[in-house]
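Chemist: build me a structure from this.
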Amino acid sequence: MFRTFLATVSELLAPTPQQQDSLSELKYHWKEIADYVYLADDTANGKERHVDDTEIPDHFAAIVDCIVQDEQTVENDDETGKCLEYMLGGDDILRAAVMVGQSSHPKGILHAVQAFFADLLRRTRQKLIPQSKVNGPLKKLIMCTEQRLAKPHEAEEEVDAVRFLCAICGKIADDNTLIHFFVENPQLRKGSVATTPPSFPLLSALVSLVGSKDEHVSSQACEGIIACLSVHADSLVPIIVNYTDTCRVLADTLGKLFSALPMQADEACRETMIMLSNFSHMHDDDWHVDFSNFSHLPLDAQAFVRFMSWVRYCDHAANCADPLVAKELASALSTRFLRPIIAPRLLQPSEAVSIMTTGYITAYANEIYSPALRASLVSFLVDEHASGELAQPLGSVLIARCDDMSDEVSTSNLLLFWKMLSMHTEQAFVALALSHTRERGITSEVQGDELAATQQLVDGLLNLLPPELKTDDEAESYRNYFEDTQESVRACFQDCAAWTGPGKLQEAPGRESPPPESPSSEAGDRSPVHRTAMALVQSKMQYVCDSPLVNVLLHRLQRLAHQPRSINLVVSGICATLLTYPHPTLHDALLSSSGLSIVTALKQAAQEIKARAERVPSCAEKVKARRLVLSRSEEDSAATPEILLLDAIILLEEICKELAAVVLVKSNALLTQY
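Modeler: This is a model prediction of the structure:
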């Protein structure tokens, strides 16, 4: 039947003198293709020829050339040339081309047909896809491509397949409405009973190419997936979520890349460990990575680059996709990557595996910006109800490790929580700090000018260290802290505005929200941040934060003189981050002058430091010399008790200036509008 149909079409296309040259040439090339296919089995040696050994690809290319050249003779861009008009006429040439590709004779003919359709879509200026004579054959060719990729195939077959699929995606990117031509949803057909489930063959074919060993093919397939996910339509969401493997494949790919990462923190992993902190500075924020630029690095480091580039891709996909699709992707990452792969390694008794896994998940957190992916990660790490079948809540284990006997374990876990709090998500803030904040039961009347009280607190922080032990130009460095803090506080207030505005600000148990202001008052025009500030200014009740994480931080502040500089830097950074949040309850608790707070912990540390410094000969000169060594980024010497003390003196000075800047900037931000 197929050969009869092909022969009929071939006869119809026989050129006649009355026709124009371009159309005659088109018919000639199609007749040559038809003859090749018709005689595919008639070979001299009984062996079937491969399409590359024939002139079929050249004839297909010539047909596209004829159409393009014919278009150039038409003055009006909206008019089709005679060649294209004939192709879209009643002879079903495109349908015949697809049937040629489905026949698999000669061998490899499908790739030639895919290349023909890809060139036709890319080079013609007409909008072909809305034409029924085009989208019908295209859908059949997509389904044929999907079925072929699902079977064992040669690597070369993927090149033409992805080129064809991405040609369609390019048109969809230009006009999102075209995507509906490639979605099969029998449930929407009037007067018919759906017997087959909905499908999205275009997306499914692209997803099947994600794991290609050819990096160019995989990258092109990823681009095509983004084009499909970027179309937001209610009818598409359930099909993508329920009838394609998109989210599952993306999550599983991340798991496979993670399995290639090293888990032993030895010398061989030094390059990888450096890249854990430097990856974001190696190239721009695009997920595309030219892996050839990293071929000189050790294999472990290359594996890390591949893992991180895929993290960026998943984040990019979630940001582009419909929120419901993004949520499904986040769920897939949680159930197929975080819980089965990351959680067991985080809970490993092996210190090396624990440190490396914590470093990897911190790098993961550093590269995701999608709200859905961030919420999924935070839930995985701190939500006790999300711990599933784990023997104990993951968050509790990680917080306990922030005060581990091993400095490396403590540092890696502290860095993870610092990153989580730097995301400025409500879930992390509430779980790690606010939910453990309560009334102390002591009232404290606000007396005098609030700005004067703020200045008193700032002066108290700056004067914790005796003047003779200070080694830095306080005015200049404090100005630098002030300028940096302005940006960080502004960013935090903006990120938190969605959940700290009027009626949204969560309070600690027992705390009453301030009464709403009259619309006629001046505050009626103030920003949500300013109205939140009024609650802080008018607060009379004292609060305490019993958060396990905050308790670890405060006890570590008290032990400032006994800890490595690396840990002290992270602890001070987390404290500053917590203080930037525009929440009055936590602000009160962390800066309380009684009980355990940042202020009282620093006072205790300062008292110990001053007492020990008095017993060190020429301590002031040694502190200055030590600062000079640190400013040159020289390798640290052995961490002797004296070196730890000198580092603590320098760091206490810097911590006090940083926290004082946060308090002052935050007060100004709260009491004045941006």
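
Chemist: least confident secondary structure element in the protein?
Modeler: Each helix and strand of the chain was given a mean pLDDT (mean pLDDT, DSSP states H and E); the minimum falls on helix 528-537 at a mean of 40.

Chemist: mind exporting the helix or strand encompassing residue 356 as PDB, just the C-alpha atoms?
Modeler: Counting by DSSP states H and E, the element that carries residue 356 is helix 351-367. Extracted C-alpha coordinates of helix 351-367, given in PDB (Å, rounded to 0.1, in the frame of the first residue of the first chain):
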ATOM      1  CA  GLU A 351      33.400  12.000  59.700                       C
ATOM      2  CA  ALA A 352      34.800  12.300  56.200                       C
ATOM      3  CA  VAL A 353      31.600  11.400  54.500                       C
ATOM      4  CA  SER A 354      29.600  13.700  56.800                       C
ATOM      5  CA  ILE A 355      31.900  16.600  56.100                       C
ATOM      6  CA  MET A 356      31.900  16.100  52.300                       C
ATOM      7  CA  THR A 357      28.200  15.600  52.100                       C
ATOM      8  CA  THR A 358      27.500  18.700  54.200                       C
ATOM      9  CA  GLY A 359      29.800  20.700  51.900                       C
ATOM     10  CA  TYR A 360      28.000  19.400  48.800                       C
ATOM     11  CA  ILE A 361      24.500  20.200  50.100                       C
ATOM     12  CA  THR A 362      25.700  23.700  51.100                       C
ATOM     13  CA  ALA A 363      27.000  24.200  47.600                       C
ATOM     14  CA  TYR A 364      23.600  22.900  46.400                       C
ATOM     15  CA  ALA A 365      21.800  25.400  48.600                       C
ATOM     16  CA  ASN A 366      24.100  28.200  47.300                       C
ATOM     17  CA  GLU A 367      23.000  27.600  43.700                       C
END
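
Chemist: how about that helix, which residues are buried there?
Modeler: 352-367 (16 or more other CB atoms under 10 Å). (C-beta placed from N, C-alpha, C; glycine too.)

Chemist: go on, stretch 224-238?
Modeler: 224-231, 236-237.

Chemist: list of residues touching that stretch?
Modeler: Residues from elsewhere that reach stretch 224-238, judged by CB atoms under 8 Å, 6 or more residues apart in numbering: 162, 165-166, 169-170, 172-173, 176, 179-180, 183, 185, 188, 198, 200, 202-203, 206-207, 210, 240, 246, 316-317, 320-322, 324-325.

Chemist: low-confidence stretches in the stretch 201-350 of the chain?
Modeler: Scanning the stretch 201-350 of the chain for pLDDT under 70 picks out the ranges 265-286.

Chemist: swap the cut-off to 50 and go again
Modeler: 281-283 (pLDDT under 50).

Chemist: helices along that one, start to end?
Modeler: Using DSSP state H, counting those that start in this stretch, the helices of the stretch 201-350 of the chain run over residues 201-208, 215-229, 237-243, 246-259, 270-278, 299-320, 323-333, 343-346.

Chemist: same check, this time on the stretch 1-150 of the chain
Modeler: Per DSSP H, counting those that start in this stretch, the stretch 1-150 of the chain carries helices over the ranges 2-12, 21-38, 56-72, 82-87, 93-103, 109-123, 132-149.

Chemist: same question for the stretch 501-650 of the chain.
Modeler: Shown for the stretch 501-650 of the chain, the helices assigned by DSSP H, counting those that start in this stretch span residues 528-537, 548-558, 565-580, 584-590, 598-613, 619-631, 641-671.

Chemist: just those helices: most buried one?
Modeler: helix 584-590 (a mean of 25; mean count of other CB atoms under 10 Å).

Chemist: elements contacting that one?
Modeler: On a contact count with 3 or more CB pairs under 8 Å, 6 or more residues apart in numbering; DSSP states H and E, helix 584-590 meets strand 437-443, helix 528-537, strand 541-545, helix 565-580.

Chemist: how much space separates the nearest residue to residue 622 once chain neighbours are set aside from residue 366?
Modeler: Distances taken as CB to CB, 6 or more residues apart in numbering put residue 646 closest to residue 622, at 5.8 Å, once the chain neighbours are dropped. Residue 646 sits 31 Å away from residue 366, going by CB to CB, to the nearest Å.

Chemist: which of the helices of the stretch 501-650 of the chain sits closest to residue 52?
Modeler: helix 565-580 (60.1 Å; CB to CB).

Chemist: got the CA positions of the closest one in PDB?
Modeler: C-alpha atoms of helix 565-580 as PDB (Å, rounded to 0.1, in the frame of the first residue of the first chain):
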ATOM      1  CA  ARG A 565      39.300  31.700  63.800                       C
ATOM      2  CA  SER A 566      37.400  29.900  61.000                       C
ATOM      3  CA  ILE A 567      34.600  28.800  63.400                       C
ATOM      4  CA  ASN A 568      34.500  32.300  65.100                       C
ATOM      5  CA  LEU A 569      34.100  34.000  61.700                       C
ATOM      6  CA  VAL A 570      31.100  31.700  60.800                       C
ATOM      7  CA  VAL A 571      29.500  32.100  64.200                       C
ATOM      8  CA  SER A 572      29.700  35.900  64.000                       C
ATOM      9  CA  GLY A 573      28.300  35.800  60.400                       C
ATOM     10  CA  ILE A 574      25.300  33.800  61.500                       C
ATOM     11  CA  CYS A 575      24.600  36.100  64.400                       C
ATOM     12  CA  ALA A 576      24.700  39.200  62.100                       C
ATOM     13  CA  THR A 577      22.400  37.400  59.600                       C
ATOM     14  CA  LEU A 578      19.900  36.700  62.400                       C
ATOM     15  CA  LEU A 579      19.900  40.300  63.500                       C
ATOM     16  CA  THR A 580      19.200  41.600  60.000                       C
END
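
Chemist: can you list the low-confidence ranges for this structure?
Modeler: For the chain, the stretches flagged by pLDDT under 50 are 1-9, 11-20, 44-45, 281-283, 445-447, 503, 508-539, 673-674.

Chemist: secondary structure element for the nearest residue to residue 365 once chain neighbours are set aside?
Modeler: With CB to CB, 6+ apart as the criterion, residue 365 has its nearest non-adjacent residue at 4.7 Å, and that residue is residue 419. In this structure, residue 419 sits in helix 407-422 according to DSSP H and E.

Chemist: could you point out which element follows that helix?
Modeler: From helix 407-422, the next helix or strand downstream (DSSP H and E) is helix 426-432.

Chemist: what packs against that next one?
Modeler: Judged by 3+ CB pairs under 8 Å, 6+ apart, helix 426-432 is in contact with helix 371-382, helix 407-422, helix 474-500.

Chemist: so what touches that helix?
Modeler: For helix 426-432, contacts defined as CB under 8 Å, 6+ apart pick out 375, 378-379, 382-383, 395, 417, 420-421, 496, 499, 506, 547, 549-550, 581, 583.
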